[in-house]
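Asker: Following is a predicted model, sequence given first.
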Amino acid sequence: MKTAAIVIVLLATGCGGGPCKSSFKEQAIALTSLPAEYHQEAAASVLVHHCEFPAPLKDTLEKLSSAPPSMRPMLESKVAVDAPELWTAACAGGHDALAESMKMPRAEGRKHIYKACNVEALGFATEEEFAGASFIVTPLIASKQLGQSMEARFVIRGLAGLPLN
């Protein structure tokens, strides 16, 4: 039922401009028809093919959309090192926050990033949801680039490995 409500809201809102083509909205809606295990790679593919991003983010998203699951976490966090300006624009805590989070257990580290990067203001996840996210770096950077439209929220949640609700 929640998915149907999201689709209705997505249809009622415009693409909102930003770095994405008008086809982005349609593709965001199409994510709902896929099984949950395909949401991350499909969300990455939607962003690659329907949005314009700085090269390091676009390259990372492209690799994520086709990489084996075991390689994705390393690829995902590498963009923060390869494009430090994108990471610091997305996270006020910068590289110190990311480095500190890597010393902590997974959920605790993600909660640290949530606070240090003010993820709450981006509007795509609660702290508890973010603590369980598969990806954190690319969703933060892409979210900062996309803004807070419903379509963006939907795709960013898919990219993070969160339920599409």
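Answerer: Yep, that arrived.
Asker: now the end-to-end length of stretch 130-144.
Answerer: Using CA to CA, to the nearest Å, the end-to-end distance of stretch 130-144 comes to 16 Å.
Asker: Adjust the sequence numbering to begin at 608 for everything that follows.
Answerer: In the new count, where the first residue is 608, that last one comes out as stretch 737-751.
Asker: for the spatially most central residue of the chain, what are its contacts?
Answerer: Closest to where the C-alpha atoms of the chain average out (CA atoms, centre = their mean) is residue 746, at 2.3 Å. Applying CB atoms under 8 Å, 6 or more residues apart in numbering, we find residue 746 in contact with 731, 740, 763, 764, 766, 767. Every C-beta, even on glycine, is put in place using the N, C-alpha and C of the backbone.
Asker: what's the pLDDT at the nearest residue to the second one once chain neighbours are set aside?
Answerer: Put plainly, it is residue 740. Leaving aside its sequence neighbours, residue 740 sits nearest to residue 767 (CB to CB, 6 or more residues apart in numbering; 4.2 Å). pLDDT recorded at residue 767 is 94.
Asker: Now do the contacts for residue 767.
Answerer: Residues in contact with residue 767 (CB under 8 Å, 6+ apart) are 647, 731, 732, 737, 740, 741, 742, 743, 746.
Asker: on that earlier part again, restricted to helices, list the contacts of residue 746.
Answerer: If you go by DSSP state H, these have 763, 764, 766, 767 in helices.
Asker: which pair in these spans the largest distance?
Answerer: Based on CB to CB, the longest span within the ones in helices among the contacts of residue 746 runs between 764 and 766 and measures 7.3 Å.
Asker: These two: who's more crowded?
Answerer: Of the pair residue 764 and residue 766, residue 766 is the one with more neighbours under other CB atoms under 10 Å, namely 29 against 23.
Asker: Look at the residue nearest to the centre of the chain and report its pLDDT.
Answerer: 94.
Asker: Likewise for the one 3 residues further on?
Answerer: What the model reports as pLDDT for residue 749 is 93.
Asker: Okay, and it sits in which element?
Answerer: helix 744-753 (DSSP states H and E).
Asker: low-confidence ranges in the protein?
Answerer: In the predicted model, the chain carries pLDDT under 70 at residues 608-624.
Asker: how about the helices in it?
Answerer: Along the chain, the segments classed as helices by DSSP H run 609-619, 630-637, 646-657, 662-671, 679-689, 691-697, 701-708, 713-723, 734-738, 744-753, 757-767.
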